[in-house]
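1. Quick check, what structure comes out for this input:
(one chain, ligands or ions: 1)
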Amino acid sequence: MNAVKIKDDVFWVGVNDYQTTLFESMWPIDQEGVSYNAYVINDEKVAVIDAVKSIETDEYIEKIKSIIGDKKVDYLILNHMEPDHSSGITELLANYPDMKIVGNKKTFPIMKNFYNIDQNLVEIVDGETLSLGKHTLQFFMTPMVHWPESMVTYDITDKILFSMDIFGSFKAPVGSIFDDENDLADFENPIRRYFACIVGKVAGQALKALEKLGDLEIGTICPAHGLIWRTNPGYVLDMYVKMSSKETVPGVVIAYGSMYGCTQKSAETLAIALKNEGVKEVKLFDVSKTDISFIISDIWKYKGLLMGAPAYYGKIFPKMANLLYKLTEIRVDNHKVGFFTDFSWSGGAEKNFNTFIEEAKVDVISDIVKVKGTPNEEDVLALNALAKKMAEELVN
Ligand code: FEO
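-> Predicted coordinates:
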């Protein structure tokens, strides 16, 4: 894709990444890719907002040059130092060695550590402005969304918010970067999966950031990943407020691990029982087959969560332990949660579930249902009771 005009002097110069298989070496993006958005404001002074991941810097710099020709870049504004938005800086500096780098006091130590760059720095503070000529930019600190140095840049002139990770998404837009030229339903899950996995732990800070930016008149949102919201910024704003507030909808995620099908039978019994109880949205995930990022994304959406796992050498099935680790980090403390286990010898998974309950401070709806091997009649009754309790909790 070539550079794309957003407003008269404002252009997208980002790149799509279809090479990386795991974002942050954890989250699968091999199916749909991810975009690293960056922007140029071609004013009396030229500002580039954000760099890109260093794998695609040639394309990024070609796009910048296609806009500004022989002019130089006066400012690089680094909203966020995570290397998916900053590692292209070395190549950009090689092309524009006199370029000033705009950041805050927390930006520059990280830049020095990562890239050994510490010259031509312009340190700004919360609320400070920078004039490019026609455009005046204003900077707002949004700490911990997603890193301590994170900030956003607001173009007062054109009412554009360059929001770095906030409002970002997995899934590289294909053919067009604009919200009004894409089916937004295609982006709902990638936006939520990105939020839950990357920002979920700091949802409270994300909400504070949204409140802080609430007084700005925002015409266009230009995030560092995903679509540019020029027609319907309210769509992603509304999604972000709901996700940051941990607002859920009625429905249940059943996440289970199963080596030989016994725990799977319990999970399926629960799914059937939930349907019989009138729960329309029930999502069943085998933690061995679905990456936890997709499971976490649906957990973030639905109020109910049932987790089941067999014992494994006296502890919990390891792939479920991985999910519990992440859920403890992001705190699903607004959910109704239940558990079921399976063992043949002396138990195991319930110990890990109990530790999870204590550490994650989840709202448990019932005792753990403990099954030995294939669920028998009594077990099925206990699982049905768990499903009934969950259905009741969803409407309370
Ligand atoms: Fe897209 Fe926190 O980096």
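
2. Show me what from the stretch 201-350 of the chain comes close to the ligand.
-> A224, H225 (CB under 6 Å from any ligand atom). No exception for glycine: its C-beta is placed from N, CA and C like everyone else's.

3. remind me which residues of the stretch 201-350 of the chain are low pLDDT?
-> The model of the stretch 201-350 of the chain has no residue with pLDDT under 70.

4. could you pull out the helices for it?
-> 203-212, 233-244, 262-276, 292-301, 318-330, 349-360 (DSSP state H, counting those that start in this stretch).

5. can you tell me the residue of the stretch 101-250 of the chain closest to the ligand?
-> At 3.8 Å from the ligand, H146 is the closest residue in the stretch 101-250 of the chain, using CB to the nearest ligand atom.

6. Which residues are in contact with that residue?
-> H80, E82, M164, D165, I198, V199, V202 (CB atoms under 8 Å, 6 or more residues apart in numbering).

7. likewise I77?
-> By CB under 8 Å, 6+ apart, the residues touching I77 are A47, V48, I49, D50, V102, G103, L137, F139, T153, F162.

8. can you state the direction angle for the longest strand seen in the chain and helix 349-360?
-> Counting by DSSP state E, the longest strand found in the chain is strand 302-312. Interaxial angle, strand 302-312 versus helix 349-360 (axes from the mean of the first three to the mean of the last three CA atoms, to 10 degrees): 140 degrees.

9. burial of A224, as a residue count?
-> 28 (other CB atoms under 10 Å).

10. Does L270 touch S366 like I think?
-> No: counting by CB atoms under 8 Å, L270 stays clear of S366, with 11.6 Å between them.

11. For those two, indicate the residue with more neighbours.
-> L270 (26 against 19).

12. Tell me if I'm right that T142 and A209 touch.
-> Yes: contact criterion CB under 8 Å: T142 and A209 qualify, at 4.0 Å.

13. Touching both of the two, which residues are there?
-> What both T142 and A209 touch, as defined by CB under 8 Å, 6+ apart, is the set V152, I166.

14. Can you tell me how far A271 is from the ligand?
-> According to CB to the nearest ligand atom, to the nearest Å, A271 and the ligand sit 35 Å apart.

15. and if you look at L305?
-> Taking CB to the nearest ligand atom, one finds L305 at 26 Å from the ligand.

16. what angle separates the lengthiest helix in the chain from helix 262-276?
-> Counting residues, the longest helix in the chain under DSSP state H turns out to be helix 377-395. Going by the same axes, to 10 degrees, helix 377-395 is angled at 50 degrees with respect to helix 262-276.

17. Show me this protein divided up by domain.
-> 4-244, 253-391 (automatic domain parsing).

18. where's the longest one relative to the chain centroid, distance-wise?
-> Shown here is domain 4-244, whose average C-alpha point lies 14 Å from the average C-alpha point of the whole chain (CA atoms, centre = their mean, to the nearest Å).

19. Quick one: end-to-end length of that domain, please.
-> 30 Å (CA to CA, to the nearest Å).

20. can you check stretch 65-85 too?
-> So stretch 65-85: terminal residues 19 Å apart, CA to CA.

21. And that stretch, what's buried?
-> Within stretch 65-85, the residues that count as buried by 16 or more other CB atoms under 10 Å are 65, 67-68, 73-85.
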